[in-house]
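Q: Below are the sequence and a predicted model; questions follow.
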Amino acid sequence: MRIDQIKQIAKSTALFAPPANAEQLKRCEEDLYILDLPHIPQEYSDFLSKCNGFSDGGDQAFYGTERVELKGYKLQDIVSANQYESHIGFFVAKKILQIGGGREELFVYNAANGRYEMLDDMALDAYKSFETFEDMFIAVNKRL
């Protein structure tokens, strides 16, 4: 997915962080390794190299390699998002990497089955599954 495609899919109020560089991606991968969490899948890494974090302006977000503030909105980073005590054990055991979230849902990459999923934030049950990150990104943004 190219950045112009990303911007075309997203709504007009969307916020885009500048692209991640190789050092930022490497540092993020090292931190995930220390936490025993899955690697960033290549497709999401490609997204980060075009847009290192994305927000629709408040409700939905895909996280970047570092916490950033965009127009007064603080965008979470992947490592911090995956460190929440209530979720970390579940993520490690199930080989899940949280890459984003919304009001009552989490956007994850499930390394065990190689799919992108939407999980209920409370029950941590998958209710939608996607073969590619692009499919998930489109589905999330179509709802807005």
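A: That came through, no problem. Numbering: from 1, shown residues only.

Q: contacts and neighbour counts: CA atoms only from here.
A: OK.

Q: any idea of the mean pLDDT in stretch 26-46?
A: Mean pLDDT, computed over stretch 26-46, is 95.

Q: Check which residues of that stretch are buried.
A: Cys28, Glu29, Leu32, Leu37, Pro38, His39, Ile40, Pro41, Tyr44, Ser45, Asp46 (16 or more other CA atoms under 10 Å).

Q: In contact with the closest residue in space to Asp31 that isn't next to it in sequence, which residues?
A: Leaving aside its chain neighbours, Asp31 sits nearest to Val79 (6.8 Å; criterion: CA to CA, 6 or more residues apart in numbering). Under the criterion of CA atoms under 8 Å, 6 or more residues apart in numbering, the contact partners of Val79 comprise Cys28, Asp31, Leu32, Thr65.

Q: cool, and Asn21?
A: By CA under 8 Å, 6+ apart, the neighbours of Asn21 are Ser49.

Q: and what of Cys28?
A: Residues in contact with Cys28 (CA under 8 Å, 6+ apart) are Thr65, Glu66, Ile78, Val79.

Q: quick one: Gln76 and Val68 touch, right?
A: Yes - counting by CA atoms under 8 Å, Gln76 does reach Val68; the two are 7.1 Å apart.

Q: Please say which of the two ends up with more neighbours.
A: Gln76 (23 against 18; other CA atoms under 10 Å).
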